[in-house]
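Chemist: I would like to see how this sequence folds:
(one chain, ligands or ions: 1)
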Amino acid sequence: MASGDTGAIEAGPVAAPPPTAASTTKRKRRLADLTAEEINEIVALRGKMPQTVVGKRFGIEQTEVSAIQRLQRAKTARLLEDQEKKNPIKRVKNVELSVPIAYGTISFWLGKKADDLHSHKWTVYIRSATNEDLGPIISKVVFQLHPSFNNPTRVVESAPFELSESGWGEFEISMTVFFQKDAAEKTLELFHHLKLYHEDDNAPQSTKKPVVVESYDELVFQEPTEAFYSRVKNLPAVHVNGSPGELNVSSGALEISNERKRGDTKDHQLGQWFGKYSETDELTSIMGARQQVQKEIAKLKSMLDSEAMKLKPSAP
Ligand code: SLL
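Modeler: Residues are numbered from 1 along each chain as shown. Coordinates of the predicted model:
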């Protein structure tokens, strides 16, 4: 699983630069000139105001407004790591949870209803590949739209994690996935290019048949925390690979539930356009194969361990 963007910039105390002749003359300020209070203010304003405005207010460049956010995120990641070092969270060894997901966009041409700024209506979404509720896994998704939209940063705090809009152009949508707290995972960044038009320019536009672009992926939790593992292991959205050893709790893999859960996408109004990743064919065989491999790995590991024990020189 790709982890969140912590940026290339190293986090650390923002020290004031040594006074130079240049710093006394009037010029644009640099990142290092900002006080901690100003940085906090910029972070708070960043989502609420266009970056250019925030930048102007503090006499810095727009790119520096973004850099500050990355710096802040890297700092948070580091704090989390430090915390974990002091008080390690218990993780389940030899186990991997995987959650098949699908994400993408479905866009309809508006036909007669189209105007210059709104030729299409579209929906961007992240769903379980089998349309189960992702609410127990994901706490929120932040969709970042093109700056030409009003309030381009959209936060969806409950499942289903989707957003509908209308517009005129194609662009890249970034989605930051935040996991439930007990998963103790960093955020995950997904990117999807919104498509409004068919590849083939000559294909007639239709208000009935949408342009659908969807990607399949899996959220993989290696050695999940014990809290997260026991809470989600039996959910139909979750596949358990490997065996938890001494925890010895039954696996929830490949369990199929017909129960309608809040937040699932089983009766979704766009459901007919969703890709189908059936439990019964491909997915089952992939999951089955994966479980087999995990079992073999566990077997080999324990064989190696017992060999190593035998080889250990006994204490004099
Ligand atoms: C393009 N680079 O030129 C892309 C930008 C932006 C699309 C596309 C805004 C709609 C609204 C909108 O659709 N922006 O203002 O409500 O194709």
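
Chemist: what parts of the stretch 1-150 of the chain come near the ligand?
Modeler: Proximity of the stretch 1-150 of the chain to the ligand is confined to 117, 146, 148-149 under the rule CB under 6 Å from any ligand atom. C-betas here are computed from N, CA, C, even on glycine.

Chemist: among those, which are in strands?
Modeler: Judged by DSSP state E, those include no members of strands.

Chemist: please identify which helix or strand holds the spatially closest residue to Leu45 that is not a sequence neighbour.
Modeler: Nearest residue to Leu45, sequence neighbours excluded (CB to CB, 6 or more residues apart in numbering): Val54, at 4.9 Å. Taking DSSP states H and E as the criterion, Val54 maps to helix 51-58.

Chemist: where along this structure do the strands fall?
Modeler: Assigned by DSSP E, the chain shows strands spanning 95-109, 120-128, 138-144, 153-156, 161-167, 172-179, 188-193, 211-222, 239-242.

Chemist: worst mean pLDDT among those strands?
Modeler: Of all the strands of the chain, mean pLDDT reaches its minimum on strand 239-242 (a mean of 90).

Chemist: what pairs with that one, parallel or antiparallel?
Modeler: Strand 239-242 sits in its sheet next to strand 95-109 (antiparallel), going by DSSP bridges.

Chemist: with just CA atoms, put the strand it pairs with into PDB.
Modeler: This file holds the C-alpha atoms of strand 95-109, laid out as PDB (Å, rounded to 0.1, in the frame of the first residue of the first chain):
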ATOM      1  CA  VAL A  95      -1.400 -11.800   9.100                       C
ATOM      2  CA  GLU A  96      -2.400  -9.500   6.400                       C
ATOM      3  CA  LEU A  97      -5.800  -8.000   5.900                       C
ATOM      4  CA  SER A  98      -6.800  -7.000   2.400                       C
ATOM      5  CA  VAL A  99      -9.800  -5.000   1.300                       C
ATOM      6  CA  PRO A 100     -10.600  -5.000  -2.400                       C
ATOM      7  CA  ILE A 101     -11.700  -1.600  -3.500                       C
ATOM      8  CA  ALA A 102     -12.700   0.100  -6.800                       C
ATOM      9  CA  TYR A 103     -12.400   3.800  -7.400                       C
ATOM     10  CA  GLY A 104     -13.100   6.000 -10.300                       C
ATOM     11  CA  THR A 105     -15.600   8.300 -12.000                       C
ATOM     12  CA  ILE A 106     -18.900   8.000 -13.900                       C
ATOM     13  CA  SER A 107     -19.900  10.900 -16.000                       C
ATOM     14  CA  PHE A 108     -23.000  11.700 -17.900                       C
ATOM     15  CA  TRP A 109     -23.300  14.300 -20.700                       C
END
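
Chemist: from the chain's centre, how far out does it sit?
Modeler: Mean-position distance between strand 95-109 and its chain equals 11 Å (CA atoms, centre = their mean, to the nearest Å).

Chemist: what do you get for stretch 136-156?
Modeler: With CA atoms, centre = their mean, you get 11 Å for stretch 136-156.

Chemist: contacts only, for the residue nearest to Leu45.
Modeler: Counting by CB atoms under 8 Å, 6 or more residues apart in numbering, Val54 touches 42, 45-46, 65.

Chemist: list the buried residues for stretch 193-205?
Modeler: 194-196, 205 (16 or more other CB atoms under 10 Å).

Chemist: and the contacts of that stretch?
Modeler: Counting by CB under 8 Å, 6+ apart, 105, 107, 109, 111, 119-120, 122, 124, 167, 169-173, 211, 213 sit against stretch 193-205.

Chemist: scan the protein for its longest helix.
Modeler: As assigned by DSSP state H, the longest helix anywhere in the chain is helix 282-311.

Chemist: hmm, back to that, out of the contacts of stretch 193-205, which are buried?
Modeler: 105, 107, 109, 119-120, 122, 124, 167, 170, 173, 211.

Chemist: run a quick neighbour tally on Lys86.
Modeler: 6 (other CB atoms under 10 Å).

Chemist: from Glu296, how far off is it?
Modeler: Look at Lys86 and Glu296: by CB to CB, to the nearest Å, they are 36 Å apart.

Chemist: now do Ser230
Modeler: 25 Å.

Chemist: neighbour count for the two, which is higher?
Modeler: Ranked by neighbour count (other CB under 10 Å), Ser230 and Glu296 place Ser230 first, with 15 against 10.

Chemist: need the pLDDT of that one.
Modeler: Reported pLDDT for Ser230: 95.

Chemist: tell me how far it lies from Leu97.
Modeler: 11 Å.
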